[in-house]
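Q: here is my input; please provide its structure:
(2 chains)
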Amino acid sequence: MPGNNGAEPPALWRQAFDAAEKYVAPRLESVVRTDQFAQATALGLKAQAALSNSANAVAAKLWHLVNLPAGTDVLRLRAQVGALDREVRRLTLALEQQQHAKADERIDDATADESGGGARSHPPRGRTQRPEST
Amino acid sequence: MAVLDRIRHEVERNALRARNGIKLATGTDRPGVGRTPKDVVWRSGRCELWHYRTDRATVSPPLLIVFSLISRSYILDLTPGNSFVERLVDAGFDVYLLDWGVPDERDAENRLEDYVDGYLPGAINRVRELTGADQVNLLGYCFGGILTLLHAAHHPDSPLRSLTVMATPVDFRHMGPLGKVFALGGLEVDAVVDSDGNVPPQVILQGFRSLTPTAEVTRYVNLWDKLWSDDYVAAYQAMTGWSTDHIPFPGAAARETVDMLLRQNGLVEDRLTIGGDRVHLADVRVPFLTVLAERDHIVPEPATAPLIDLVGSEDKHELRLAAGHIGLVVGRTAAKTTVPTIIDFLLSRSEVTT
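A: Predicted coordinates:
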């Protein structure tokens, strides 16, 4: 009944579920932590991948027979575009880092000339990208 | 009378259950997540640097948070009043967060070095550029902690005032069934990548679900039991929404993680290579705090416990909390212990202006 010392006893169905869960959960958790479970899962996923690769290979051969690109060709092209995109990003980041390093050197030189000591902070520099509200 | 009271009570609750059930099923009353006002101040590829707006930043240097590669960063800013970021902003920190966005086929070749040597220094530079500070306080969460550790180790001259990592695994032998499938089962990442070349979110989700096989059923039972409570349903929507909302893991980074961090246990065995260079955690020399959760089922305590002995910092501390993986940043433990301890650690290594 509600209001019994402020605490409400769980319903019967809930007590039954909790008891079952208390019994089942640790056992299931110990099963999924076994080496055998890991090996079986890995085997299943490998088999799934192998089947998928075989199906793709057959489909690719069929498309190539009629001189058309297969899905795997498109994927390869997408991967190459992705790799190119990554190279551009890396170059952009490297360029930004070089600009920052040069700016740091200039500020350090100027501060050393003015005070003869190492600076801890400097005023904000110019912004290269505009903030956007989200 | 008692029977009548009980019947009335159950009828009331079932009416509330029906109302909240309809709201849940139709998705008409989703809680707003990630609401702390912010601006995008830097962008590279899918990656964005967010600055949380504040007019009361009193702590210098600024704080840069680096999030995990496989989940959404809004867990750190879940809901108003239950937000890790909001607490830090309220404490006077100038908070920036590096969000990785949603990787697609253009990110499939991203390696760990892209994050450690590219995006992270880029974000640090941008924060320094905006604030005028010479250094930043760096904080990494979960896999973001690994990225910050690798960055600090690979770039000992990086302008870091301090490094804090939370729920960050280093001993991958203890990463449970998910790790075993790759380490013992010999599964290759290529067997699970999708057409984009990334590990799809469904694989990551199934991996996490396998850690607690009955949790899914228990979750629904708990929901039915407490469906009458508006507060519970709101919290359920926010938390469940996040815990099932993973993002793809870039394929090349996943391969490196499995080979170097999992199979070779590189962080513990000192076998780390980033961008062709050998990297040693002992080269991390900045003031260091590691926060670990003793009831963490995703990153178990034995997986993260060795970290404190691996870094070379003289000023290093470990905070152990009786919490779960998410409990570190959300809920009562976060509010009462995690956030205040992190704030104290950072404040004592920062300058506070009035």
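
Q: from here on, contacts and neighbour counts on C-alpha atoms
A: Fine.

Q: got a list of contacts for stretch A:44-58?
A: The list of residues contacting stretch A:44-58 from outside it, by CA atoms under 8 Å, 6 or more residues apart in numbering or on different chains, reads A:71-72, B:187, B:191-192.

Q: now, among those, which is nearest to residue A:11?
A: Nearest to residue A:11, judged by CA to CA, of the contacts of stretch A:44-58 is residue B:192 at 43.0 Å.

Q: what's the offset of the longest helix anywhere in chain A from the middle of its chain?
A: In chain A, taking DSSP state H as the definition, the longest helix is helix A:71-115. Remark: helix A:71-115 is offset 21 Å from the chain centroid, using CA atoms, centre = their mean, to the nearest Å.

Q: same question for stretch B:137-157.
A: Mean-position distance between stretch B:137-157 and its chain equals 13 Å (CA atoms, centre = their mean).

Q: longest helix of chain B?
A: Ordering each helix of chain B by length in residues (DSSP H) puts helix B:2-26 first.

Q: can you go through the contacts of stretch A:44-58 and name the buried ones?
A: Among these, those classed as buried by 16 or more other CA atoms under 10 Å in any protein chain shown are B:187, B:191-192.

Q: of those residues, which ones also sit close to chain A?
A: When contact is defined as CA under 8 Å from any CA of the partner chain, the buried ones among the contacts of stretch A:44-58 meet chain A at B:187, B:191-192.

Q: report the mean confidence score over the longest helix of chain B.
A: The average pLDDT within helix B:2-26 is 86.

Q: the next helix or strand after it pairs with which strands, and in what direction?
A: Next along the chain after helix B:2-26, taking DSSP states H and E as the criterion, comes strand B:38-44. Strand B:38-44 has its sheet partners listed here by DSSP bridges as strand A:132-133 (antiparallel), strand B:47-52 (antiparallel).

Q: reformat the ones next to chain A among the buried ones among the contacts of stretch A:44-58 as CSV; add pLDDT and secondary structure.
A: Shown next, in CSV, are these (pLDDT from 0 to 100; DSSP: H, G, I helix; E, B strand; the rest coil):
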residue, pLDDT, secondary structure
B:187, 93, coil
B:191, 93, helix
B:192, 94, coil
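
Q: of all these, which comes closest to residue B:123?
A: Of all those, residue B:123 sits closest to residue B:192, with 31.0 Å by CA to CA.

Q: now do the contacts for the closest one.
A: Neighbours of residue B:192 in contact, by CA under 8 Å, 6+ apart: A:45, A:49, B:199-200, B:203.

Q: mind showing which ranges of chain A have poor pLDDT?
A: By pLDDT under 70, the low-scoring segments of chain A are A:1-7, A:115-134.

Q: what residue in it comes nearest to chain B?
A: The nearest approach of chain A to chain B comes at residue A:82, 3.6 Å away (CA to the nearest CA).

Q: and that residue, how many neighbours?
A: Applying other CA atoms under 10 Å in any protein chain shown, we find 21 residues neighbouring residue A:82.

Q: gap between the closest residue to it other than its chain neighbours and residue B:75?
A: Excluding the flanking residues, the one nearest residue A:82 by CA to CA, 6 or more residues apart in numbering or on different chains is residue B:106, at 3.6 Å. Distance of residue B:106 to residue B:75, computed by CA to CA, to the nearest Å: 25 Å.

Q: strands of the stretch 51-200 of chain B, start to end?
A: B:59-60, B:63-66, B:95-99, B:136-141, B:160-166 (DSSP state E, counting those that start in this stretch).

Q: export those to a markdown table and tack on mean neighbour count?
A: Below are these laid out as a markdown table (neighbours: other CA atoms under 10 Å in any protein chain shown):
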| stretch | mean neighbour count |
| --- | --- |
| strand B:59-60 | 22 |
| strand B:63-66 | 26 |
| strand B:95-99 | 25 |
| strand B:136-141 | 24 |
| strand B:160-166 | 24 |
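
Q: what sits against the residue nearest to residue B:144 when sequence neighbours are not counted?
A: Excluding the flanking residues, the one nearest residue B:144 by CA to CA, 6+ apart is residue B:68, at 4.2 Å. Residues near residue B:68 by CA under 8 Å, 6+ apart: B:140-145.

Q: of all pairs in those, which one is the farthest apart?
A: Using CA to CA, the contacts of residue B:68 span at most 7.5 Å, a distance reached by B:140 and B:143.

Q: who touches both of those two?
A: Listed as contacting both residue B:140 and residue B:143 by CA under 8 Å, 6+ apart are B:67-68.

Q: give the contact list for residue B:135.
A: Listed by CA under 8 Å, 6+ apart, the contact partners of residue B:135 are B:61-62, B:128, B:159-161.

Q: return the distance of it relative to residue A:105.
A: According to CA to CA, residue B:135 and residue A:105 sit 15 Å apart.

Q: do you know the pLDDT at the residue nearest to residue A:82?
A: For residue B:106, the model assigns a pLDDT of 94.

Q: tabulate the contacts of residue B:68 (a markdown table), appending pLDDT.
A: Listed next are the contacts of residue B:68 as a markdown table, based on pLDDT from 0 to 100:
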| residue | pLDDT |
| --- | --- |
| B:140 | 97 |
| B:141 | 96 |
| B:142 | 95 |
| B:143 | 96 |
| B:144 | 97 |
| B:145 | 97 |
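
Q: quick check, nearest of the residues you listed to chain A?
A: Among the contacts of residue B:68, residue B:144 lies closest to chain A (CA to the nearest CA), at 19.3 Å.

Q: run through the residues that contact the closest one.
A: Contact analysis of residue B:144 by CA under 8 Å, 6+ apart lists B:66-69, B:168.

Q: among those residues, which are located in helices?
A: In helices, judged by DSSP H, none of the contacts of residue B:144 are found.

Q: can you put these in TSV and add pLDDT?
A: Shown next, in TSV, are those (pLDDT from 0 to 100):
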residue	pLDDT
B:66	98
B:67	96
B:68	95
B:69	95
B:168	97
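
Q: residues near residue B:344, how many?
A: Using other CA under 10 Å: residue B:344 sits among 11 other residues.

Q: go on, residue B:354?
A: 7.

Q: doesn't residue B:58 make contact with it?
A: Yes: in this structure, residue B:354 is within contact of residue B:58 by CA atoms under 8 Å, at 6.2 Å.
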